[in-house]
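Colleague: kindly return the folded structure for what I paste below:
(chains A, B, C and D)
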Number of protein chains: 2
Amino acid sequence: MAKPLSQTRCDFIEKVGLKSQSEGLPRIAGRVLGLLIWDGEAIAFGELAQKLQVSRGSISSATRILEDRRLIKRTTKPGQRQDYFQLAENPYAQMLGGIADNLERAMQEINKTLRDIPEAEGEIKARVTAYSDFYQQMSGAIAATLKTMN
Amino acid sequence: MAKPLSQTRCDFIEKVGLKSQSEGLPRIAGRVLGLLIWDGEAIAFGELAQKLQVSRGSISSATRILEDRRLIKRTTKPGQRQDYFQLAENPYAQMLGGIADNLERAMQEINKTLRDIPEAEGEIKARVTAYSDFYQQMSGAIAATLKTMN
DNA sequence: AGGATCGTTCAGTTCATACTGAACAAACTT
DNA sequence: AAGTTTGTTCAGTATGAACTGAACGATCCT
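Modeller: Purely as a prediction, here's the structure:
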């Protein structure tokens, strides 16, 4: 009993929505992303609201977030007044870049703490350093992956 | 004007709490983790509640989560009835392992979708595959980092 | 046994955040 | 100019997760 393709599509969009949610994006933003991945072509603003059954306000904020992260591109069609959206050319590289930035920031934040610990507190310093190193390692791993993608 | 060490300690604990929160842990769990990183030694259950100014119920659930993820260890002291908690020996490796597992699961979930797409839909399949590859790459990068830690 | 202390559980509350939908300004159409 | 259509904004609402604190069983102490 094969699942109809339209159902597979819905499931996929929902999966991307849930995953994105667990990665700090609003769920609707994730669903927009999933829809654009699946459909590939440029989708109109109003069409997004209708197909995902959410308010235009939600589409407005979701697309802004995705645009800010450079995961999607806003375009226009001649003779059409609506905005159109499609996947950026390199969305996954952008995702990795964003993650790497976050890790980098986290590390710097921890390093600020590190500088406030006097030399005398060697053991504390060692443990906090280990925590900082964790972020550095992660960040490095992501950055390396990013390079192999180009 | 140097910051007193106790203040640096509080700031650190709060930072770990916030970072953990953005990574899907309850904030209190993150603060427990920060406290244990800073102090290093084993801390009593009641002491955690008192030092972090939260209810014992919160400590109970936070420690359970951290234990499940193998980030901390529950121990006892002879003659003492309270449970004691301290950092696991390899908490950062455990964190990485957990992250890798999540990515792996995400990928498998996407691959399930992939199998439901008929061959005829080559372009859709290609785009969904690219999404799956993203998770695979991340997962691989984390796994590689994990190896270098041992 | 009686009393104290411990960790867990769970119902209720709090709190943060996503989402809605109406109001609005801008740009287009006629 | 009047009327549409479009995207944004923002106040209000809904939703879900975290947290509290009281109740509980278990364990220890005397």
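
Colleague: please name the residues that touch the residue nearest to the spatial centre of chain A.
Modeller: Computing the C-alpha centroid of chain A and ranking residues by Cα atoms, centre = their mean puts residue A:95 first, at 5.0 Å. Neighbouring residues of residue A:95 by Cβ atoms under 8 Å, 6 or more residues apart in numbering or on different chains: A:69, A:71, B:134. Placement of C-beta: from N, CA and C, glycine included.

Colleague: what's the neighbour count on the first one?
Modeller: It stands for residue A:69. Neighbour count of residue A:69, defined by other Cβ atoms under 10 Å in any protein chain shown: 17.

Colleague: residues touching it, list them.
Modeller: Applying Cβ under 8 Å, 6+ apart to residue A:69 gives the contacts A:94, A:95, A:98.

Colleague: one more time with 7 Å, if that's ok
Modeller: A:94, A:98 (Cβ atoms under 7 Å, 6 or more residues apart in numbering or on different chains).

Colleague: per-residue confidence for residue A:3?
Modeller: pLDDT for residue A:3: 83.

Colleague: quick one, phi/psi of the residue nearest to it when sequence neighbours are not counted?
Modeller: Nearest non-adjacent residue to residue A:3, counting by Cβ to Cβ, 6 or more residues apart in numbering or on different chains: residue B:116, 5.4 Å away. Taking degrees, to the nearest 10, you get phi -90, psi -10 for the backbone angles of residue B:116.

Colleague: my guess is residue B:116 meets residue A:6, correct?
Modeller: No: if you go by Cβ atoms under 7 Å, residue B:116 and residue A:6 don't touch, sitting 11.1 Å apart.

Colleague: who has more neighbours, the two?
Modeller: Taking neighbours as other Cβ under 10 Å, residue B:116 and residue A:6 compare with residue B:116 leading, 16 against 8.

Colleague: on that earlier part again, please identify the helix or strand for the residue nearest to the centre of chain A.
Modeller: Assigned by DSSP states H and E, residue A:95 falls within helix A:91-115.

Colleague: so how far is residue B:130 from the residue lying farthest from the centre of chain A?
Modeller: Each residue of chain A has a distance to the centre, and by Cα atoms, centre = their mean the biggest one is for residue A:120: 41.7 Å. Using Cβ to Cβ, to the nearest Å, residue A:120 is found at 53 Å from residue B:130.

Colleague: with residue A:150 instead?
Modeller: For residue A:150, the distance to residue B:130 equals 15 Å [Cβ to Cβ].

Colleague: so which of those two has more stuff around it?
Modeller: Shown here are residue A:150 and residue B:130; by other Cβ under 10 Å, residue B:130 has more neighbours (13 against 6).

Colleague: write out the residues of chain A neighbouring DNA strand C.
Modeller: Residues of chain A lying near DNA strand C by Cβ under 7 Å from any atom of the strand: A:26-29, A:53-58, A:61-62, A:79, A:81.

Colleague: what does chain A put close to chain B?
Modeller: Contact residues, chain A versus chain B (Cβ under 7 Å from any Cβ of the partner chain): A:3, A:8, A:11-12, A:15, A:19, A:22, A:24, A:37-38, A:40, A:92, A:95, A:106, A:109-110, A:113, A:116-117, A:123-124, A:127-128, A:130-131, A:134, A:137-138, A:141-142, A:144-145.

Colleague: PyMOL command for the buried members of these?
Modeller: The buried subset of the residues of chain A next to chain B, as determined by 16 or more other Cβ atoms under 10 Å in any protein chain shown, is captured in PyMOL by this line:
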select buried, chain A and resi 8+11+12+15+19+37+38+92+95+106+109+110+113+116+117+124+127+128+131+134+137+138+141+142+145
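
Colleague: excluding chain neighbours, what is closest to residue A:127?
Modeller: Nearest one to residue A:127, counting by Cβ to Cβ, 6+ apart, is residue B:37 at 5.3 Å.

Colleague: that neighbour and residue B:73, how far apart?
Modeller: Distance, residue B:37 to residue B:73, using Cβ to Cβ: 13 Å.

Colleague: what's around residue A:13, how many residues?
Modeller: Residue A:13: 23 neighbours (other Cβ under 10 Å).

Colleague: what's near enough to touch it?
Modeller: By Cβ under 7 Å, 6+ apart, the contact set of residue A:13 is A:31, A:34, A:35, A:38.

Colleague: quick check: the gap between the first one and DNA strand D.
Modeller: Residue A:31 sits 15 Å away from DNA strand D, going by Cβ to the nearest atom of the strand, to the nearest Å.

Colleague: residues in contact with the host helix or strand of that residue?
Modeller: Secondary structure assignment for residue A:31, by DSSP H and E: helix A:27-39. By Cβ under 7 Å, 6+ apart, the list of residues contacting helix A:27-39 from outside reads A:9, A:12-13, A:16-17, A:19-21, A:43, A:48, A:51-52, A:54, A:58, A:62-63, A:65-66, A:71-72, A:85-87, B:124, B:127-128, B:131.
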